[in-house]
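# structure for the following, please:
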Amino acid sequence: MAKGKPLFTIDSPDLVQAESTLIGAAATYDQNNRALIRAQKLYAAKGAGGIAEKDLEAAVQGKLSAEGALKAARDAVRVYGKTETEIDGYVARRTIEPELVVNSPISGRITARNAQPGLLEQPGVAPAPYSVADISTMWMLANVAESDSASIKLGQAVRVSTLAHPGQQYDGKITTIGATVDPNLHTLLVRSEVQDPRHELRPGMLAQFVISTGNPVISLAVPLDGVVREGDGTMTVWVTTDRHHFTQREVKIGLQSDGYDQILDGLTKGELVVTEGAVFLDSLLTPVATD
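Modelled structure (predicted):
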């Protein structure tokens, strides 16, 4: 449905009344305007057949009153969505159109149709006869962990993927951030506008999302299985030079993404790290305290 295309037609007695009042007001204005022109000419003559100043003032007042009534009548018709060109046409042709054509205010898809032929429609009474939505932009409601809430800002870029369209990504941005945190889940509700030009997304779909909280960072990283949390809370990895001898080393980790832990300190580029079975190696080689 394109913007400006007809959605439905209403046979409106109120519109007929408004157009009739407009035509009558326009005729009265024309009559008073001609009367004022004649009065001005007669007053200017000053001789035989001229008129007094009070008669000229009465003609001026009559035109002003008719002009105000015409403006009010035009505004009454404009309420029904008629353009200035259409209103001028009614005045010029002295015709009445009993039907009110309601056009689509936006380009989009009809998402609901409640109107039936002969339906009595009242202003402000739900539901609307038709609902039109621009579905090229969808809303995504995401639950962000409370620990990550400090990094979320309005306008940040969002990448979205769905189970229905594997491998397809949709771009969006954050438009609203919730004011409270869910006390049970400890998550923050974040709303994003996601572009869907091919109309592939549907309301209610489950989605995965990635929020870009900063510029990309090039850093050392180790698979999650290669990092071991010790009993005292420190994080360690096992390093080897010959794949036969191993050395435990404490590291400092940062971000976690795509199955990797970012290494901020403790390793250098090019070192070999145990990435599978590190936790078992840790339990075998770490000495156990005895009494």
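
# what's the helix or strand for residue 41?
helix 13-45 (DSSP states H and E).

# so how far is that helix from its chain's centroid?
For helix 13-45, the separation from the chain centroid amounts to 47 Å (computed by CA atoms, centre = their mean, to the nearest Å).

# quick one: list the elements packing against that helix.
If you count contacts as 3 or more CB pairs under 8 Å, 6 or more residues apart in numbering; DSSP states H and E, helix 13-45 packs onto helix 53-78, helix 84-93. C-beta here means a position set from N, CA and C on the backbone, and glycine is covered the same way.

# what mean pLDDT would you report for the longest one?
So the one you mean is helix 53-78. pLDDT averaged over helix 53-78 equals 91, rounded to a whole number.

# now swap in stretch 243-256 and tell me
Taken as a whole, stretch 243-256 has a mean pLDDT of 88.

# residues contacting the residue nearest to the spatial centre of the chain?
Of all residues in the chain, the one closest to the mean position by CA atoms, centre = their mean is residue 193, 6.5 Å from it. Listed by CB atoms under 8 Å, 6 or more residues apart in numbering, the contact set of residue 193 reads 137, 138, 139, 140, 172, 173, 175.

# state the distance from the third one to residue 169.
Between residue 139 and residue 169 the distance, using CB to CB, to the nearest Å, works out to 17 Å.

# and the helices and strands packed on helix 13-45, which is most packed in?
The highest average neighbour count among those, using mean count of other CB atoms under 10 Å, belongs to helix 53-78 at a mean of 16.

# what's that one packed up against?
Contacts of helix 53-78 with other secondary structure elements, assessed using 3+ CB pairs under 8 Å, 6+ apart, are made with helix 13-45, helix 84-93.

# just put those helices in TSV and tack on distance to residue 276.
Listed next are the helices and strands packed on helix 53-78 as TSV, based on distance: least, CB to CB, whole Å:
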stretch	distance to residue 276
helix 13-45	77
helix 84-93	75
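
# return the most buried member of the ones you listed.
Of all these, helix 13-45 carries the top mean neighbour count, a mean of 16, counting by mean count of other CB under 10 Å.

# quick check: mean pLDDT of that one?
Helix 13-45 comes out with an average pLDDT of 90.

# now it against helix 53-78, angle please.
The directions of helix 13-45 and helix 53-78 differ by 160 degrees, with axes from the mean of the first three to the mean of the last three CA atoms, to 10 degrees as the criterion.

# what angle do helix 13-45 and helix 84-93 make?
For helix 13-45 and helix 84-93, the angle between their directions (the same axes, to 10 degrees) works out to 70 degrees.

# now do the buried residues in the helix or strand encompassing residue 279.
When secondary structure is defined by DSSP H and E, residue 279 falls within helix 278-285. Neighbour counts using 16 or more other CB atoms under 10 Å place 278, 281, 282 of helix 278-285 among the buried residues.

# elements contacting that helix?
strand 228-229, strand 235-240, strand 246-257.

# quick check: mean pLDDT across it?
Predicted confidence along helix 278-285 averages 75 (mean pLDDT).

# just the strands in the stretch 51-200 of the chain please.
99-103, 109-113, 130-133, 137-145, 157-162, 170-181, 187-195 (DSSP state E, counting those that start in this stretch).

# of those, which approaches residue 83 most closely?
Ranking the strands of the stretch 51-200 of the chain by their distance to residue 83 (criterion: CB to CB) puts strand 99-103 first, at 10.6 Å.

# what about that closest one, average pLDDT?
On average, strand 99-103 scores 78.

# hmm, who's touching it?
Residues lying outside strand 99-103 but in contact with it, judged by CB under 8 Å, 6+ apart, are 3-12, 15, 80-81, 129.
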